[in-house]
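Undergrad: Kindly return the folded structure for what I paste below:
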Amino acid sequence: MKIKDLFEKKEHVISFEIFPPNRNFSEEKLREVSAKLVKHQPDFISVTYGAGGTTKSGTIEMASHIKNTLGTEVLAHLTCIGSKKSEIHRFLKEVEDNNIQNIMALRGDIPLGEDSSIYDRGDYRYASELIRDINDNHDFSVGAAYYPETHHENNDLIDLIHLKNKAEQGVDFLISQVFFDNNIFMEFREKARKLGIKAPLIAGVMPVTNAVQIQKIVALCRSEIPENLQKILDKYGHDHDSMKKAGIAYATQQIIELLSHGIRGIHLYTMNKTDTTREIMKNIDFARG
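TA: Numbering: from 1, shown residues only. A predicted model of the protein is given here:
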């Protein structure tokens, strides 16, 4: 099923994100993780590339397994930075051949060892160009990313302009980068509404289960740590078990608050952790109508 149809049929759409196999996380292990995750009945599972655009080869294989073997809808990520159109369309043809109907169209980060000259070697500079190309030549439900706290290469105004461009090229839904402050998210939603962006804004939530993890996330995503979360980190960050419980509680509260404010889509960045995901899904089961 196309994700755009899910939003037409359901009040709330709850989804998970996993990363594909890599040298530290085998395909066998990820198949076990995926089987556990689908038991929580997510509306779809997205399969990303690895950090910096790595592990691209495993995206289709894992997405196909989830869709065709486990019977859960999937969203396959696709980045276009440095890519030729012929390469992109070969990827999309393989996606179609595997019965996958949803694409997350991304520009992607500059890979390690590369610089901005990579743009000159590809046919796309922005995600909006990829979105237009997909819609002109294929029949997918297309999603795109947005940044409630501004992409690290841009400022707030430029980010909104890029988001407007993506919307105008026909995205069906938008998934946010990680954020920890719901007030910032709500302010962004109002800005998007004023720009006439009507595609569902899915909120990306990541449970913080250890202090080292959040330091890496903040460095990568430029996410702001609100005062109440900082206090949790200060009090429980030295104790793994306590931090895990506190992180689950914080993410649960974040999701409940978002749903109560009319956010229809929640995208849980699972980091391939089934136990954390299980606890959060138990906590929000009452709100999944």
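Undergrad: Show me the helices in the stretch 101-250 of the chain, by range?
TA: Here the stretch 101-250 of the chain has its helices, by DSSP state H, counting those that start in this stretch, at 127-137, 156-168, 182-194, 211-221, 227-236, 240-260.
Undergrad: Could you find the closest non-adjacent residue to I232?
TA: When the adjacent residues along the chain are set aside, I232 lies closest to A246, with 5.0 Å between them (C-beta to C-beta, 6 or more residues apart in numbering). Every residue, glycine included, has its C-beta placed from N, CA and C.
Undergrad: contacting residues for the one you found?
TA: Residues near A246 by C-beta atoms under 8 Å, 6 or more residues apart in numbering: I232, K235, Y236.
Undergrad: now E114: how far from D285?
TA: 44 Å (C-beta to C-beta, to the nearest Å).
Undergrad: So if I had to pick from those two, which one is more boxed in?
TA: E114 (15 against 11; other C-beta atoms under 10 Å).
Undergrad: confidence score at the nearest residue to the more buried one once chain neighbours are set aside?
TA: Nearest residue to E114 in three dimensions, chain neighbours excluded: G82, at 7.3 Å (C-beta to C-beta, 6+ apart). G82 is assigned 90 on the pLDDT scale.
Undergrad: was I right about G82 contacting R125?
TA: No. At 10.3 Å, G82 does not count as touching R125 under the criterion of C-beta atoms under 8 Å.
Undergrad: For these two, list the residues in contact with both.
TA: Y119.
Undergrad: Can you pick out the residue with more neighbours from those two?
TA: Just comparing G82 and R125: by other C-beta under 10 Å the higher neighbour count belongs to G82, 19 against 13.
Undergrad: May I have the phi/psi pair for the more buried one?
TA: phi 80, psi 10 (degrees, to the nearest 10).
Undergrad: Deepest-packed of the helices of the stretch 101-250 of the chain, please.
TA: helix 127-137 (a mean of 20; mean count of other C-beta atoms under 10 Å).
Undergrad: just checking, what packs against it?
TA: Counting contacts by 3 or more C-beta pairs under 8 Å, 6 or more residues apart in numbering; DSSP states H and E, helix 127-137 is packed against helix 85-97, strand 102-106, strand 141-146, helix 156-168.
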